[in-house]
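Engineer: Next one to model:
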Amino acid sequence: MSADIKIEHGLLLLGCGKMGSALLRGWLDFGVPASNVWVIEPHPSDWLQATGVHLNKGVPDRAEIAILAVKPQMMGAALPGLTALGNGETLFISIAAGTTIATLEQVLGARTPIVRVMPNTPAMVGRGISGLVGNAHASAAQIAQSRLLMQAVGEVVELENEAQIDAVTAVSGSGPAYVFHLIEALAAAGEAEGLSPEIAMKLARATVTGSGELAHRSEDSAEQLRINVTSPGGTTAAALAVLMETETGFPALLRRAVKAAADRGRELGK
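Structural biologist: Below is the predicted model of the structure:
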């Protein structure tokens, strides 16, 4: 990947918390020189201080790319300091949830190339997935470069329009929390059937992570993988009869949950 990402004049990372650190680690691991990276982070970790990047030393004169990785509520205070890079050749990539391209254009300038990205927390172990979409001023080459940068921490899908970001947020952005709650609920159900809390949690965690890895590696669809585990009239079939019930089962519950997350994303973007 490093052969394709050519950072000649500087990459600026604004915010280096968990997601920013995951991205930076990925870029450095793939060969992006630390000397070509500027980071602004008021509370740098020991790891960040040891990377060799330009830490809290301002903005490069000709930043090719500026990554906005601060929390959405901090964006208003952080953006004005970058206006000098707007309306020019600097590509802005925002991973801040709820901050629309229009909002960024209002501050940075209407001619600023902007790509909005929604990653998720498995990026911290290199297994994330991101949805991205650019504005009218982001060229095909800049979209491709954004994709390469995000591939440092996982997979990437390109969206047709910005409105789809809210759906991506609801499915994959917030999705890890749903899976973690599944582990909690599955362990609690095991306790209710007589297992100790420790064994129930160990079983639940290993089952969810192992099943995820199987889904990742297998060429079979999720539906087929489910069928493969389900013997007619067996224990799995009995459980699925409850989970797949039309009104109260998983499908209806997840539709409501994902819709609630997407609706909230649209509210935050207004």
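Engineer: Would you mind pulling the contact partners of stretch 120-128?
Structural biologist: With contact meaning Cβ atoms under 8 Å, 6 or more residues apart in numbering, stretch 120-128 is reached by 18-19, 21-23, 26, 119, 129-130, 153-155, 172-173, 175-176, 216. To be clear about C-beta, it is placed using only N, CA and C from the backbone, and glycine gets the same treatment.
Engineer: show me where the chain has strands.
Structural biologist: With strands called from DSSP state E, the chain shows them at 11-14, 37-40, 54-55, 65-68, 91-94, 114-118, 128-134, 154-158.
Engineer: give me every residue that touches Arg266.
Structural biologist: By Cβ under 8 Å, 6+ apart, the neighbours of Arg266 are Asp166.
Engineer: I'd like to know how far it sits from Gly15.
Structural biologist: Applying Cβ to Cβ, to the nearest Å, the value for Arg266 to Gly15 is 24 Å.
Engineer: quick revisit: out of the strands of the chain, nearest to Asp46?
Structural biologist: strand 54-55 (11.8 Å; Cβ to Cβ).
Engineer: now for that closest one, which elements pack on it?
Structural biologist: Judged by 3 or more Cβ pairs under 8 Å, 6 or more residues apart in numbering; DSSP states H and E, strand 54-55 is in contact with strand 37-40.
Engineer: picking up where we left off before, dump the strands of the chain into a markdown table; add distance to Ser146 as well.
Structural biologist: Output for those, formatted as a markdown table (distance: least, Cβ to Cβ, whole Å):
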| stretch | distance to Ser146 |
| --- | --- |
| strand 11-14 | 12 |
| strand 37-40 | 16 |
| strand 54-55 | 22 |
| strand 65-68 | 8 |
| strand 91-94 | 5 |
| strand 114-118 | 4 |
| strand 128-134 | 6 |
| strand 154-158 | 8 |
